[in-house]
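**Student:** Provided below are the primary sequence and the corresponding predicted coordinates.
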Amino acid sequence: MLTIVDERTIKPVQVYASSQAKREPVDWAAENAGPVSTFPLWHTLSPTMVEQFQREREANGGLDITQVPRDLSVVAWYWRCDRGHRWRETTYSRLDLPVRVGPTFRNVRRWKSIAGTRAACRKCVLEDYGATYAKCGHPDLDLNNVNKPPRVFGGWCGNCRDSRPLQPGDALLVDYAPPTSLAENTLRALVRVQVPLVTPAEANAVRVRPTAWGALHVFPDMLIPSKRIAIEYDSPGEWESGLSISLPGTG
Ligand SMILES: [Zn+2]
Ligand SMILES: [Zn+2]
């Protein structure tokens, strides 16, 4: 999917067409269009598509949709839904007519059947039936995930997951190298056999609520970020020292 800029309004127009659809509407109209009502069935097939095409008549080379063949796949025409979403797509793709696949017919795409019409606009379908994320409420823009009623996924959307500020309990890597000992490295190697411990080069600190002395992170001895477990132990001498496990807040 690519985005081109429509110079008439400087609004991005989404293009849903393969590179095969490389003829511009204006050029095709000048060279190929027959008289109005050459293809009269449009009004029967989809009055909504007729309206969507008509709203972009100028961009579509001044044509009436009845001058456009239904199975044309070389021109990405302009369409505009009644909420103002604009996009380009071939008439062949718009109609999405049931096609024979072996002994059966492939049905209209799922997102169109959820919307209840073959003339559905993708953005409207996402607005009405798209999934959202529970933690931030942001929409999921994948048409494959539309549903009636809409789904709510747990957690954060991809953007928020990548950019949200660190929460208490999150592991992080701080540019600071606490001294390690041979004993610690040996213990780390032993524990690593059983649990997904990270190395100090992957993460060495945990974000905490500001401590009494104002620190925002602490340096546990070992971290298992996937389980949100931090291990702190004392090693004044040999192995008899105590081992304590603490669970930071789960944010
Ligand atoms: Zn729309
Ligand atoms: Zn989000």
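**Tutor:** Received it, and whenever you're ready, just let me know what you need. Ligands and ions are numbered 1, 2, ... in the order given.

**Student:** rest of the way, CA atoms for contacts and neighbours
**Tutor:** Fine.

**Student:** wait, what's in contact with the closest residue to residue 204 other than its chain neighbours?
**Tutor:** If the residues on either side of it in the chain are set aside, residue 204 comes closest to residue 173, at 5.2 Å by Cα to Cα, 6 or more residues apart in numbering. By Cα atoms under 8 Å, 6 or more residues apart in numbering, the contact list for residue 173 reads 200-205.

**Student:** for residue 173, give its distance to residue 198.
**Tutor:** Residue 173 sits 11 Å away from residue 198, going by Cα to Cα, to the nearest Å.

**Student:** residue 55 versus the residue nearest to residue 204, what's the distance?
**Tutor:** Taking Cα to Cα, one finds residue 173 at 55 Å from residue 55.

**Student:** how about residue 35?
**Tutor:** 20 Å.

**Student:** of those two, who's got more company?
**Tutor:** residue 55 (18 against 11; other Cα atoms under 10 Å).

**Student:** what does the pLDDT read for the more buried one?
**Tutor:** Reading off the confidence values, residue 55 has pLDDT 97.

**Student:** so what's it up against?
**Tutor:** 79-80.

**Student:** hmm, try it at 7 Å
**Tutor:** Residues in contact with residue 55 (Cα atoms under 7 Å, 6 or more residues apart in numbering) are residue 80.

**Student:** tell me how far it lies from residue 27.
**Tutor:** With Cα to Cα as the criterion, residue 55 and residue 27 are 19 Å apart.

**Student:** quick one, grab the pLDDT at residue 30.
**Tutor:** 96.

**Student:** can you confirm it is in a helix?
**Tutor:** Yes - with DSSP: H, G, I helix; E, B strand; the rest coil as the criterion, residue 30 is part of a helix.

**Student:** state the pLDDT value of the residue nearest to it when sequence neighbours are not counted.
**Tutor:** Spatial nearest neighbour of residue 30, excluding adjacent residues (Cα to Cα, 6+ apart): residue 61 at 7.6 Å. We note a pLDDT of 97 for residue 61 in this prediction.

**Student:** am I right that residue 61 is in a strand?
**Tutor:** No - under three-state DSSP, residue 61 sits outside any strand and is assigned coil.

**Student:** the closest residue to residue 150 other than its chain neighbours: neighbouring residues, count only.
**Tutor:** Using Cα to Cα, 6+ apart and skipping the chain neighbours, the partner closest in space to residue 150 is residue 129 (4.8 Å). Counted by other Cα under 10 Å, the residues lying close to residue 129 total 21.

**Student:** also residue 182?
**Tutor:** Neighbour tally, residue 182, other Cα under 10 Å: 8.

**Student:** what sits against it?
**Tutor:** No contacts exist for residue 182 under Cα under 7 Å, 6+ apart.

**Student:** tell me the pLDDT at it?
**Tutor:** So residue 182 comes in at 79 (pLDDT).

**Student:** does the residue sitting nearest the centre point of the chain lie in a helix or a strand, and which?
**Tutor:** Central residue of the chain (Cα atoms, centre = their mean): residue 141, 4.6 Å from the mean position. Following DSSP states H and E, one finds residue 141 outside all helices and strands.

**Student:** of the contacts of residue 173, grab the buried ones for ChimeraX.
**Tutor:** The following ChimeraX line selects those of these that are buried, judged by 16 or more other Cα atoms under 10 Å:
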select :200,203,204,205
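
**Student:** closest one of the contacts of residue 173 to residue 22?
**Tutor:** Using Cα to Cα, residue 202 comes nearest to residue 22 of the contacts of residue 173, at 48.2 Å.

**Student:** tell me how far the closest one lies from ligand 1.
**Tutor:** Distance, residue 202 to ligand 1, by Cα to the ion, to the nearest Å: 45 Å.

**Student:** can you pull out the strands in the stretch 1-150 of the chain?
**Tutor:** Using DSSP state E, counting those that start in this stretch, the strands of the stretch 1-150 of the chain run over residues 2-6, 11-15, 77-80, 86-89, 99-101, 104-106, 132-133.
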